[in-house]
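Undergrad: Dropping a prediction and its sequence here:
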Amino acid sequence: MSELNKVVMGNAAREFDVSANTLLDLRKNFTKELEEGLADPSKSSLKILPSFLTTPTGDETGTYLALDFGGTNVRVLKVKIWKHGNYKILKKVEFPLKMEGKYDFIGKNATGEGLFDFITKLIELSLDGNTEDEILLGHTFSFPSEQLDLANAKLISWTKEFQTQGVEGVNVTELLSKSLLKRNLTNVKPVAVINDTVATLLAGAYTHANTLIGSIYATGHNTCYLEPNYNGEPMIINLESGGFSKVEQNTYDKLLDKTSEKPGEQFLEKMVSGRYVGELYSLVVKQALSSEENFAFDSLDLCNIAQSVDVKKIVKEKAGYDIQDKEEEELFIKLATNIMNRSASLISATFLGIYYHIRKLPTIAVDGSLYVKNRFLQNIIDENLKKAGGNIRSFKVDDGSALGAAIAAAMAEGKM
Ligand code: GLC
């Protein structure tokens, strides 16, 4: 193993440093793109995707199935909700969508039919043999989708490196319904399909008044908000903010984008989210060690290294390199700190971008492993929000995707 090139490490850390000016520009550009997008969606890198929902009243009650599909694991939950944030998970079935050497429902050889047949098997497991009693299903589908109505949505394009064939451009509720029919699960009624940011906003608003923004900080990153005036009425809008492109990429962002599944797309997401931060770190370390190998650093490693936890152990494990001295250790820590600080800071600037559009101090509901599990990232976000003055704050929503799906199903029921 070659020596560590300290100059490469130091320079790279500086490339990830984010200045107050950059954050201010991003915030302003975000408001501008949002307003341009509302006037004409084709003019913006933000997608303006109406959800056909507004925030809940808090009176939604009942027992529903929640299908949570958006990351490497798919979950089906039976959720009971009863007023203002009270809920209980009665049953949970969870499986990975890919098991090395066994099956893969998200790779390029997978098909939509195979994927939804697999999901339907999990739905069946969650029913405990009850194929008689009607149960409404809310589906949290965490990809950019064009909503046809509350129950139906077409996948626009995969993100987060998903590649399954035959789903882009297709109504995912039809795919799900076909699979349910094949297994004779006609008692399961898919009545709502929503983005995970929308689920988070619904779940947040169910408990905290004034929740106007919902965001995910996990494998992927995205934000939605309650637009007070969408064609004259309030509407939750999914922005697919991971696709925001008015943000300056550094050398490593460009390198990562080039080798990603969809070059030229999801600029912001590739700079901030859990699927990519480890890869950015790996690109630098690979260069600093003059290695040909891609190292499997992940977001958890970066959060640990940034907090000086197990630095030597992680670097040895993931890059096979023995850190020689304190100076080298500091370089690894600095790089992780700057990548994660940039990630959380860029996200907070987008929240402020929404605030400067709605001009109402919002409470921001956030779900996702990076946010939920890392106090230091929550602090960076809150510090940045504070700088804007006023009482804007973020809070974490547990089980947001599942709870939101159940609330959406209850809201659909009220409308049917
Ligand atoms: C990706 C998806 C988006 C989702 C986010 C978080 O950005 O495109 O729909 O909300 O990941 O899961």
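TA: Done, it's in.

Undergrad: Does the residue lying closest to S45 once chain neighbours are set aside lie in a helix or a strand, and which?
TA: Counting by Cβ to Cβ, 6 or more residues apart in numbering, S45 lies nearest to S245, which is 3.9 Å off, once chain neighbours are set aside. The way it works is simple: take the backbone N, C-alpha and C, and place the C-beta from them, glycine included. When elements are assigned from DSSP states H and E, S245 belongs to no helix and no strand.

Undergrad: do S215 as well
TA: With DSSP H and E as the criterion, S215 is inside strand 211-217.

Undergrad: Need the three-state assignment for I364.
TA: Following DSSP: H, G, I helix; E, B strand; the rest coil, I364 is assigned to strand.

Undergrad: Surely it touches I392?
TA: Yes: between I364 and I392 there is a contact under Cβ atoms under 8 Å: 7.0 Å.

Undergrad: Mind listing the shared neighbours of these two?
TA: 351, 385 (Cβ atoms under 8 Å, 6 or more residues apart in numbering).

Undergrad: These two: which is more packed in?
TA: I364 (27 against 22; other Cβ atoms under 10 Å).

Undergrad: quick one: the more buried one and A406, what's the gap?
TA: Going from I364 to A406 by Cβ to Cβ, to the nearest Å gives 21 Å.

Undergrad: What of L122?
TA: Distance from L122 to A406, by Cβ to Cβ: 16 Å.

Undergrad: returning to what we had before: you'd agree the residue nearest to S45 is up against E269?
TA: No: look at S245 against E269 with Cβ under 8 Å: they stay out of range, at 10.6 Å.

Undergrad: Report the contact partners of whichever residue of the stretch 101-250 of the chain sits closest to the ligand.
TA: Closest to the ligand within the stretch 101-250 of the chain is G220: 2.3 Å, counting by Cβ to the nearest ligand atom. Residues near G220 by Cβ under 8 Å, 6+ apart: 70-71, 142, 159-160, 242, 269, 273-275.

Undergrad: what does G71 give?
TA: 142, 160, 218-220.

Undergrad: show me what contacts the closest residue in space to I381 that isn't next to it in sequence?
TA: Nearest non-adjacent residue to I381, counting by Cβ to Cβ, 6+ apart: S348, 4.6 Å away. Contacts for S348 were tallied using Cβ under 8 Å, 6+ apart; they are 23, 380-381, 384-385.

Undergrad: try it again with 10 Å
TA: Residues counted as contacts of S348 (Cβ atoms under 10 Å, 6 or more residues apart in numbering) are 23, 26-27, 364, 380-388, 392, 394.

Undergrad: what do you get for M99?
TA: F105.

Undergrad: hey, what's it bridged with?
TA: With DSSP bridges as the criterion, M99 is bridged to Y103.

Undergrad: From the ligand, how far out is it?
TA: In this view, M99 and the ligand are 21 Å apart by Cβ to the nearest ligand atom, to the nearest Å.

Undergrad: And for S401?
TA: S401 is 9 Å from the ligand, where distance means Cβ to the nearest ligand atom.

Undergrad: how about the helices in the stretch 1-150 of the chain?
TA: According to DSSP state H, counting those that start in this stretch, the stretch 1-150 of the chain carries its helices in the segments 6-15, 20-39, 112-126.

Undergrad: Now tabulate the ones you listed in TSV and tack on distance to the ligand and mean pLDDT.
TA: Below are these laid out as TSV (distance: least, Cβ to the nearest ligand atom, whole Å; pLDDT from 0 to 100):
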stretch	distance to the ligand	mean pLDDT
helix 6-15	24	98
helix 20-39	15	97
helix 112-126	16	98
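
Undergrad: contacting residues for the closest residue to Q287 other than its chain neighbours?
TA: Among residues not flanking Q287 along the chain, V8 sits closest, at 5.4 Å (Cβ to Cβ, 6+ apart). V8 is in contact with 284-290, 331, counting by Cβ under 10 Å, 6+ apart.

Undergrad: Run through the residues of the stretch 251-400 of the chain sitting next to the ligand.
TA: Residues of the stretch 251-400 of the chain lying close to the ligand by Cβ under 6 Å from any ligand atom are E269.

Undergrad: So, low pLDDT: which residues of the stretch 251-400 of the chain?
TA: The stretch 251-400 of the chain contains residues with pLDDT under 70 at 389-390.

Undergrad: What number of residues are in the vicinity of the residue of it found nearest the ligand?
TA: The ligand sits closest to E269 of the stretch 251-400 of the chain, with a gap of 5.1 Å, by Cβ to the nearest ligand atom. Using other Cβ under 10 Å, E269 is surrounded by 22 other residues.

Undergrad: That one and F143 touch, don't they?
TA: No: in this structure E269 lies outside contact range of F143 using Cβ atoms under 10 Å: 11.8 Å.

Undergrad: who touches both of the two?
TA: 159-160, 220, 222, 240.
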